[in-house]
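Engineer: okay, predicted coordinates and the sequence, questions at the end:
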2 protein chains.
Amino acid sequence: MKLTISKEYLNEAIQHVSKAISSRTTIPILSGIKFDADFSGVTLTASDTDISIQSHIPNEIDNEQVVTLFTKGSVVLPAKFFMEIARKLPSDTIEIEVSNHFHTTIRAGSSEIQMVGLDPEEYPVLPSLEENKVISMASDLLKAMIKQTAFAVSTSETTPILTGVLWTLTDNQLKFTACDRHRLASREVVMEAPSEQQFQNIVISGKTLNELSKILPDQNMLVDIVVSDNQVLFKLNNLLFYSRILDGTYPDMTKVIPQSFQTELVIKAKLLTESIDRAYLLSREEKTNIVKMVMKEDYTIEISSSSTELGKVTETLACEKLTGDLLRISFNSKYMMDALKALDSESIRFRFTGPMSPIIITPEDGTNMLQLILPYRTVN
Amino acid sequence: MKLTISKEYLNEAIQHVSKAISSRTTIPILSGIKFDADFSGVTLTASDTDISIQSHIPNEIDNEQVVTLFTKGSVVLPAKFFMEIARKLPSDTIEIEVSNHFHTTIRAGSSEIQMVGLDPEEYPVLPSLEENKVISMASDLLKAMIKQTAFAVSTSETTPILTGVLWTLTDNQLKFTACDRHRLASREVVMEAPSEQQFQNIVISGKTLNELSKILPDQNMLVDIVVSDNQVLFKLNNLLFYSRILDGTYPDMTKVIPQSFQTELVIKAKLLTESIDRAYLLSREEKTNIVKMVMKEDYTIEISSSSTELGKVTETLACEKLTGDLLRISFNSKYMMDALKALDSESIRFRFTGPMSPIIITPEDGTNMLQLILPYRTVN
């Protein structure tokens, strides 16, 4: 293998695939990035077995010569070192040459780097998926849906299925759900699809979705999503992102969400977020994150938290609407802040069924999203 | 004590004094900030016994009412919590009221915060210095001199005096010197002062100087420096920064610096810095940070480093000047990068007395600065 390649595009591709490099891999070859050079350009591959990412650099981009191939071939190069040095090379064009025993020489301006490459034949082959179920969606919408749900997955490995986000596509609705037993986040969008394309129990690791999110462009670009039995493939311009589907059946969450309510409250999100942020500072000191909400006759709520050592924060906030029974309810302020951040709406609606029942929070801007938080049992 | 105060100026003062708050203090009162309110305004004090910082907020700044005093008084408030919440308060003006037993109420818009204050009588009194020796210098020059030397202090507590920067003012030269047994950094400026104002063995902790540097404004403002037997006081606009002087006698470093040289080399700093940065990436893998420099007949030098596992980096660089014996010399690339960063000159001059003698590096821009690095003994 011998070629010259644009430093800029090489670094962009390295940055993309490096999201799949785990620093704690037990399989030595997976600490490397695989380079395949042929007449179509250069393809980089990285994998940690859960995620695999492939980035293709074509010979030409926008009429600019990006890759010049002299001899085709493949090699696996140590990811961490290659990533760092490639960014710092002194010229815009980099020469890569692989000789016997995968000894690799990189030349750029005054620099010459000798690297010990590994045999690409030892690198695992990426899964090939049957493209029966393919949905297309805008990358910014996919990014938003991940942001609105993935934070609520469980971080505990005791129930692995809850570390993932449940994807369902039924009745022309694509829905993401995440739940860690204390809170739930869900988001739905309309997606027309023939019934054979629909699916029910696709669970993708929250961590994987967050990595995907970092690669997804902010511009409105289409992503093709190929869903198979045990893998999902996200196809972007010159980029393939494979994710394993988590094993197991996701619990039915529909029963958890109350259908009738005793109290309803609408409030400006910014006002509430800033108040809870201040109350959080004290609640955090007690390690419990407990913040109390007390509803008043005069359509205000009082948000408070206290710490025996430091003192007490009390916030009085006017509601836009407050109907039904006036409750005193306590919750985890960290969870509430996460939910409010995900909602991203000027006004938000709370619905309550009682001081010990789930708190339901939805945006007033019409987005089909729901955040649920279980209250704390506290002595009033 | 009761007053209202501008949130902006309060936060600025808190940020300044907080540099003296240690998270690991064993004296409970020192985890607080002392507030003193009288007819001249509000004064904030924080201290970790090594550093004490006092910031004064006058009643009026630029014709703007900043403090309105109702009742004078003092209180000590928990620094960490107060710092965080003061930034997040919802109004531009904040009311602070201290009642019985130092219970403190902070009111801002919809927020009311109750804090458990401490007795200001328990707070240590700041040293009062005799102002016999006072020098004045531009804050940006002081900041630069700290940056050029303080990085080279020892981080080991086995010889505490070497964790400080030596200040001397003799023969109208103010000189800063730092040394950790492997390297030395020094910087000199002309400073006219009567002989009774001069001093010889003032050693200030490198850590303290770095904290001071964060507070020093970038604008060209005068700093008055009061030097006493065991304290140095830096006086800025509305700000006092006290530092303890380290006990002990700083070793004589003049003997370490060679006076005659065998080899001289001048090179573009950027070219060399970038090359060593790349070589560093590999040398770091071996934990030794060893980089080798080999001088060639054709006025070039070769910079190289290698790692048994990863490979080898070789850089060939043209010198602007290379005279004397051609040497092969090895050094710590991390130390060299630090020195090159401190020099901040387009071209730099290396002087060598042999492969095992100190490397002397000076800027070509005329600044009176010197960086010294001891080479490694390596098998060539």
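Structural biologist: That came through, no problem.

Engineer: so who does the residue sitting nearest the centre point of chain A touch?
Structural biologist: Closest residue to the average C-alpha location of chain A: A:N210 at 2.0 Å, with C-alpha atoms, centre = their mean. Counting by C-beta atoms under 8 Å, 6 or more residues apart in numbering or on different chains, A:N210 makes contact with A:146, A:150. In short, each C-beta sits where N, CA and C put it, glycine included.

Engineer: let's go with 6 Å and repeat that
Structural biologist: A:N210 sits next to A:A150 when contact means C-beta atoms under 6 Å, 6 or more residues apart in numbering or on different chains.

Engineer: name the residues of chain A found near chain B, please.
Structural biologist: A:78, A:81, A:84-85, A:88, A:110-116, A:277-278, A:281, A:310-317 (C-beta under 6 Å from any C-beta of the partner chain).

Engineer: cutoff 8 Å now
Structural biologist: A:78, A:81, A:84-85, A:88-90, A:104, A:110-116, A:271, A:274-275, A:277-278, A:281-282, A:285, A:309-317 (C-beta under 8 Å from any C-beta of the partner chain).

Engineer: only the buried subset of these, as a ChimeraX command please.
Structural biologist: Here is the ChimeraX command that picks out the buried ones among the residues of chain A next to chain B, judged by 16 or more other C-beta atoms under 10 Å in any protein chain shown:
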select /A:78,81,84,85,88,89,104,110,111,112,113,114,115,116,271,274,275,277,278,281,282,285,310,311,312,313,314,315,316,317
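
Engineer: ok, now how distant is the residue nearest to the centre of chain A from A:I51?
Structural biologist: 11 Å (C-beta to C-beta, to the nearest Å).

Engineer: please apply the same query to A:V165.
Structural biologist: 14 Å.

Engineer: and these two? Which one has more around it.
Structural biologist: More crowded of A:V165 and A:I51, by other C-beta atoms under 10 Å in any protein chain shown: A:V165, with 28 against 21.

Engineer: quick one: the more buried one and A:T208 touch, right?
Structural biologist: No - with contact defined as C-beta atoms under 8 Å, A:V165 does not count as touching A:T208 (9.1 Å).

Engineer: residue boundaries of the strands in the stretch 1-150 of chain A?
Structural biologist: Counting by DSSP state E, counting those that start in this stretch, the stretch 1-150 of chain A has strands at residues A:2-6, A:32-38, A:41-47, A:51-58, A:60-61, A:64-65, A:67-71, A:73-78, A:93-98, A:103-108, A:111-116, A:133-138.

Engineer: now those in CSV, with distance to B:V125?
Structural biologist: Rendered in CSV, the data for the strands of the stretch 1-150 of chain A read as follows (distance: least, C-beta to C-beta, whole Å):
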stretch, distance to B:V125
strand A:2-6, 65
strand A:32-38, 62
strand A:41-47, 61
strand A:51-58, 60
strand A:60-61, 69
strand A:64-65, 70
strand A:67-71, 71
strand A:73-78, 59
strand A:93-98, 64
strand A:103-108, 62
strand A:111-116, 60
strand A:133-138, 65
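
Engineer: out of these, flag the one nearest A:Q148.
Structural biologist: strand A:133-138 (14.2 Å; C-beta to C-beta).

Engineer: could you pull out the buried residues of that closest one?
Structural biologist: Buried residues in strand A:133-138 (16+ other C-beta under 10 Å): A:133, A:135.

Engineer: which parts of chain A belong to which domain?
Structural biologist: A:2-122, A:133-253, A:257-373 (automatic domain parsing).

Engineer: so can I have CSV of these showing mean pLDDT?
Structural biologist: Formatted as CSV, the domains of chain A follow (pLDDT from 0 to 100):
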stretch, mean pLDDT
domain A:2-122, 95
domain A:133-253, 94
domain A:257-373, 94
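
Engineer: for B:A37, find the nearest of those domains.
Structural biologist: Nearest of these (C-beta to C-beta): domain A:257-373, 19.4 Å.

Engineer: distance between the ends of stretch A:134-145?
Structural biologist: 18 Å (C-alpha to C-alpha, to the nearest Å).

Engineer: for that stretch, what is the distance to the chain centroid?
Structural biologist: Averaging C-alpha positions (C-alpha atoms, centre = their mean, to the nearest Å) puts stretch A:134-145 12 Å from its chain's average.

Engineer: please apply the same query to stretch A:290-304.
Structural biologist: 34 Å.

Engineer: who touches it?
Structural biologist: Against stretch A:290-304 from outside (C-beta under 8 Å, 6+ apart): A:263, A:265, A:267, A:272, A:275-276, A:279-280, A:283, A:305, A:312-319, A:321-322, A:326-333, A:336, A:376, A:378.

Engineer: so which bits of it are buried?
Structural biologist: A:290-295, A:300-304.

Engineer: same check on stretch A:266-274?
Structural biologist: A:267-269, A:271-274.

Engineer: now, these that are in strands?
Structural biologist: Using DSSP state E, the members of the buried residues of stretch A:266-274 that fall within strands are A:267-268.

Engineer: wait, which of the buried residues of stretch A:266-274 is closest to chain B?
Structural biologist: Checking the buried residues of stretch A:266-274 against chain B by C-beta to the nearest C-beta gives A:E274 as the nearest, at 6.2 Å.

Engineer: identify the residues contacting the closest one.
Structural biologist: B:88, B:90.

Engineer: mind redoing it with 10 Å?
Structural biologist: A:268, A:315, A:317, A:340, B:88-90, B:109-111 (C-beta atoms under 10 Å, 6 or more residues apart in numbering or on different chains).

Engineer: how about these in CSV, adding distance to B:L370?
Structural biologist: Formatted as CSV, these follow (distance: C-beta to C-beta, whole Å):
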residue, distance to B:L370
A:K268, 61
A:E315, 58
A:L317, 62
A:L340, 56
B:K88, 47
B:L89, 49
B:P90, 53
B:G109, 56
B:S110, 59
B:S111, 55
